[in-house]
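Asker: I need the structure of the sequence given here:
(one chain, ligands or ions: 1)
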Amino acid sequence: MKYDRAFFDAGIDRRGTQSVKWAARGIMEEGMVPLWVADMDFACAQPIVDALHQRADHACFGYTFPGPEDSGALISFWRRRHKLALLPGYLVMLPTVVAGLRACVQTMTHPGDGVIIQSPVYGPFLDAVCESGRMVLDAGLRRDEQGRYTMDYEAIERFLQQGARLMILCNPHNPVSRAWTQEELRALLSLLNRYKARLVTDEIHADFVYSPREFVPVLSLPEAREDTVMLVAASKTFNIAGLQQATAICRDPDVVAMLRRYLERSGAQCGNIFALAGTRAAYQHCDDWLDGLLQYLQANQEALTGLLSDLLPHAVLTPMEATYLAWVDIRAYDTPNCEVGSRCKKHGVALTDGQFFGMSTGEGFMRINYGCPQGQLLEGVQRFAHAVKEG
Ligand SMILES: Cc1ncc(COP(=O)(O)O)c(C=O)c1O
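Answerer: Numbering: from 1, shown residues only. Next up, the predicted model:
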């Protein structure tokens, strides 16, 4: 199979498949173009489909455990793609990254502790903290004129001085598309180390970083403490989020044991037969699909940039260093987010409201998912522009 432009242009018809992106109640209606939730409208790589068929052919689906082939596949993928050396004992398999985030907050902090996040950021970070009775400390990112975001180290240090115990980092960052540099990450780790604060780093978007930027895994840095937890998955990379499989990675055996115990107690264990088979195949046999995808997404970035500057010249598109999600500032059009949302619905397009990522830091922003065939992206962006300009 050739994973070229024609393959990704063809997309895949997801209607009638209970797809959240295409059929979520209250969000999607017949005929709307979905450019919202972070999954992609492409067929996944053939080895994944074959592995699922093969597993289904053995007609017994009893309790199953993740084995050495599963950890081996992940470890060799991370060595091959990111030059990061990992050992099987570091891995805790679990159903989703969000389950991992919640497990980390519960096991690494106490009720009432402060946890630092950096809004605008993936909404469930905030939920994981406040729904477990911890205190959200938002060291909001700084934004320059071009719409590029950087870390606010002073705000982070203030919270550390006030006793923050944990920070949750998004690396690369959703939604502001930053691939944090080595210098930025090392400065952050040194600061956290000075106050003996712990770090959970969500690296689910690791595989979507565009040249000349490079992805820097936190665990590759000398300043990363043993008890740093990295959360990863093949779900975004290979478009298999519906299988539900993720991994928490930590070099500290006590943290690994604690996370395992917590997951056991909460019944959130990994062992879905199809998730394991699909994820193994993804990590082992699908690099050509991923390389083709990354090229296609870069072409989509160019198309999106061109069309947005033609149709919405006052919008500011944050530079796209990473992920397949674009962050657009439409404050110049002076329309509240809720109004933009309902106009988008009227014009037949669904985007993610910026306020999902932070009530104040997301006001006036929308997120566009460009992980779809280019025709679909351009149609959706045209509808979005009409919605913003014409009401
Ligand atoms: C930063 C980040 N973490 C986690 C997730 C969700 O991962 P999972 O479905 O494994 O919980 C997403 C999905 O968009 C995400 O962007």
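Asker: count the residues that sit near Met191.
Answerer: In this structure residue 191 is Leu, not Met. Leu191 has 18 neighbours, counted by other CB atoms under 10 Å. Glycine gets a C-beta too; all of them are placed from N, C-alpha and C.
Asker: where do the helices sit along the stretch 101-250 of the chain?
Answerer: Along the stretch 101-250 of the chain, the stretches classed as helices by DSSP state H, counting those that start in this stretch are 124-130, 153-161, 182-194.
Asker: who does Leu166 bridge with?
Answerer: Judged by DSSP bridges, the bridge partners of Leu166 are Val115, Arg198.
Asker: hmm, back to that, kindly reformat the helices of the stretch 101-250 of the chain as CSV and extend each row with distance to Ala299 and mean pLDDT.
Answerer: CSV is the format used below for the helices of the stretch 101-250 of the chain (distance: least, CB to CB, whole Å; pLDDT from 0 to 100):
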stretch, distance to Ala299, mean pLDDT
helix 124-130, 30, 96
helix 153-161, 36, 98
helix 182-194, 28, 98
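Asker: quick one: which of the ones you listed is nearest the ligand?
Answerer: For the helices of the stretch 101-250 of the chain, distance to the ligand was read as CB to the nearest ligand atom. The smallest value, 6.7 Å, belongs to helix 124-130.
Asker: now that closest one: how far from the chain's centre is it?
Answerer: Relative to its chain's centre, helix 124-130 lies at 15 Å (CA atoms, centre = their mean, to the nearest Å).
Asker: what of stretch 185-196?
Answerer: Taking CA atoms, centre = their mean, one finds stretch 185-196 lying 23 Å from the centre of the chain it belongs to.
Asker: so which residues on the stretch 151-300 of the chain come close to the ligand?
Answerer: Neighbours of the ligand within the stretch 151-300 of the chain, by CB under 6 Å from any ligand atom: Cys170, Asn174, Asp202, Ile204, Ala233, Ser235, Ala241, Ala246.
Asker: can you pull the contacts of the nearest residue to the fifth one once chain neighbours are set aside?
Answerer: To tie it back to what came earlier, the one meant is Ala233. The shortest distance from Ala233 to any non-neighbouring residue, by CB to CB, 6 or more residues apart in numbering, is to Ala246 (3.9 Å). Counting by CB atoms under 8 Å, 6 or more residues apart in numbering, Ala246 touches Met93, Leu94, Pro95, Thr96, Val97, Ala99, Gly100, Ile204, Leu231, Val232, Ala233, Ser235.
Asker: buried only: go through the residues you listed for me.
Answerer: Buried members of these, scored by 16 or more other CB atoms under 10 Å, are Met93, Leu94, Pro95, Thr96, Val97, Ala99, Gly100, Ile204, Leu231, Val232, Ala233, Ser235.
Asker: helix, strand or coil: sort out the first one for me.
Answerer: When states are read from DSSP: H, G, I helix; E, B strand; the rest coil, the local structure at Met93 comes out as strand.
Asker: that one contacts Thr247, correct?
Answerer: Yes. Counting by CB atoms under 8 Å, Met93 touches Thr247, with 5.4 Å between them.
Asker: what pLDDT does the closest residue to the ligand within the stretch 151-300 of the chain get?
Answerer: Proximity of the stretch 151-300 of the chain to the ligand (CB to the nearest ligand atom) peaks at Asn174, 4.0 Å away. For Asn174, the pLDDT comes out at 98.
Asker: from the helices of the stretch 101-250 of the chain, which stretch is densest packed?
Answerer: helix 124-130 (a mean of 20; mean count of other CB atoms under 10 Å).
Asker: distance of Lys83 relative to the ligand?
Answerer: Going from Lys83 to the ligand by CB to the nearest ligand atom, to the nearest Å gives 22 Å.
Asker: how near is the residue nearest to that residue when sequence neighbours are not counted to Asp288?
Answerer: Distances taken as CB to CB, 6+ apart place Ser220 nearest to Lys83, at 7.2 Å, with adjacent residues excluded. For Ser220, the distance to Asp288 equals 25 Å [CB to CB, to the nearest Å].
Asker: same question for Glu154.
Answerer: Taking CB to CB, one finds Glu154 at 45 Å from Asp288.
Asker: Gly62 now?
Answerer: In terms of CB to CB, Gly62 sits 34 Å off from Asp288.
Asker: repeat that for Leu185.
Answerer: Here Leu185 is placed at a distance of 30 Å from Asp288 (CB to CB).
Asker: average model confidence for the biggest helix by length in the chain?
Answerer: Selection of the longest helix in the chain by residue count, based on DSSP state H, yields helix 287-311. With pLDDT averaged residue by residue, helix 287-311 scores 98.
Asker: list the buried residues for it?
Answerer: Applying a neighbour-count criterion of 16+ other CB under 10 Å, one finds 289-290, 292-294, 296-297, 300-301, 303-304, 307-308 buried in helix 287-311.
Asker: tell me which helix or strand comes right after it.
Answerer: strand 316-317 (DSSP states H and E).
Asker: outside of that following strand, which residues touch it?
Answerer: With contacts defined as CB under 8 Å, 6+ apart, strand 316-317 is touched by Gln146, Gly147, Leu304, Thr305, Leu308, Ser309, Ala326, Trp327, Val328, Asp329, Ala332.
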